[in-house]
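> A predicted structure for the sequence below; I have some questions about it.
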Amino acid sequence: MAELGAILARLAPSLGPAVAPPRALDGGITNRNFRVRLGEREYVVRLPGTDTALLGIDRAAELAASRMAARLGIAPEVAAADPEGLVTVFAGAGPLDPDRLRADPAPVARALRAFHDSGLQLPVRFWVPDLLDRYARVVRDRGADLPAAYAPTRRLAGRIAAALPLSEPVPCHDDLLGGNLLATPDGVLIVDWEYAGMGHRLFDLGNLAVNNEFDEPAEARLLAAYFDAPPTPARTAALRLMRIMSDAREAAWGVIQGVVSELDYDFAAYARRHFERLAATAADPRLEGWLDAAAA
């Protein structure tokens, strides 16, 4: 709270003094988030967690992505970029209903397409095989062991990367959990751009699909809305493979957070859950066909 108080004091000349005690917002498992009233408006202040740079987070990329997304109307306005945290206007929006998202993913698909095609150049690359290698080095440097599932996960991620190389990177969000999607009267907002980087546009679609439990018809609706065309076998296969890539990233993220984070959260269980879901998807007899179709 002392850290937050110092930030609010620095913000007072531009945004106004705090007129009510800050309220902690639940749900974050990387950072600490607070809802605060400064002057006549409400804001969200995000304080970074410990050693978040080790997770592949680049704060300059986050700020640039947040500002671009706000200009596109798909994210809250950035009010200030304090050296110790990011301040956005409180959106007053609620979580996007998961059933509504699966039934009609078009608003999110259009938002992602607008961001992907914005021309924004971010100073960091987001690519899962790179992250898996980096996370493994950090875990070993901290004296911890990698779980048995880590090595086969890296091998599978390498096979997927060979079929879907990062040849035309675009700015991506890369963390499309349900909690990062908000419903407004006019559409949707996407929050928490801290993992933004230059990546594969289909990773965002696979990440959205797997984290929000899309079934195959919902996947087809997502692809049709994003590409404004009926899904092709190659795009469908790529989406399925990127679901695996997403779980590889989430599982590895849980492993590294278990050695660097100070938050009270069961990161081992988080990693285990994603390793298990990844293994189940990888056991699908259609996997080889997906790899062939995506590569084609």
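Received the coordinates, thanks.
> do a quick rundown of the helices in this protein.
2-15, 59-71, 98-103, 106-116, 128-141, 150-163, 201-211, 216-227, 233-260, 267-282, 287-295 (DSSP state H).
> of these, give the one that comes closest to Thr184.
Ranking the helices of the chain by distance to Thr184, with C-beta to C-beta as the measure, places helix 106-116 first at 9.7 Å. C-beta coordinates here come from the backbone N, C-alpha and C atoms, glycine included.
> for Pro76, grab the count of nearby residues.
The local packing of Pro76 (other C-beta atoms under 10 Å) involves 21 other residues.
> going forward, count from 17.
Done: numbering now begins at 17, and the last item shifts to Pro92.
> might one say that it is in contact with Leu102?
No. Pro92 is beyond contact range of Leu102, at 10.4 Å (criterion: C-beta atoms under 8 Å).
> do you know how far the spatially most central residue of the chain is from Asn47?
Taking C-alpha atoms, centre = their mean, the centroid of the chain lies closest to Asp191, which sits 0.9 Å from it. For Asp191, the distance to Asn47 (C-beta to C-beta, to the nearest Å) stands at 12 Å.
> what do those two both touch?
Listed contacts common to Asp191 and Asn47 are Glu210; contacts here mean C-beta atoms under 8 Å, 6 or more residues apart in numbering.
> returning to what we had before: of the helices of the chain, flag the one that's most buried.
Most buried of these, by mean neighbour count (mean count of other C-beta atoms under 10 Å): helix 217-227, with a mean of 25.
> which other helices and strands does that helix contact?
If you count contacts as 3 or more C-beta pairs under 8 Å, 6 or more residues apart in numbering; DSSP states H and E, helix 217-227 packs onto helix 122-132, strand 186-188, helix 232-243, helix 249-276.
> returning to that earlier point: which one of the helices of the chain lies nearest to Arg57?
Among those, helix 18-31 sits nearest to Arg57 (C-beta to C-beta), with 7.3 Å.
> if we look at the closest one, which residues are touching it?
Applying C-beta under 8 Å, 6+ apart, the contact partners of helix 18-31 are 33-34, 38, 50, 52, 54-55, 57, 59, 61, 63, 95-96, 98, 100-101, 103.
> pLDDT at Ile45, what is it?
With respect to pLDDT, Ile45 scores 66.
> Arg293 - nearest residue in space that isn't next to it in sequence?
Spatial nearest neighbour of Arg293, chain neighbours left out: Asp263 (5.3 Å); criterion: C-beta to C-beta, 6 or more residues apart in numbering.
> in contact with the one you found, which residues?
With contact set as C-beta under 8 Å, 6+ apart, Asp263 has these partners: 226, 290-291, 293-294, 297.
> same question, Leu294
Going by C-beta under 8 Å, 6+ apart, Leu294 touches 165, 169, 172, 260, 263-264, 267.
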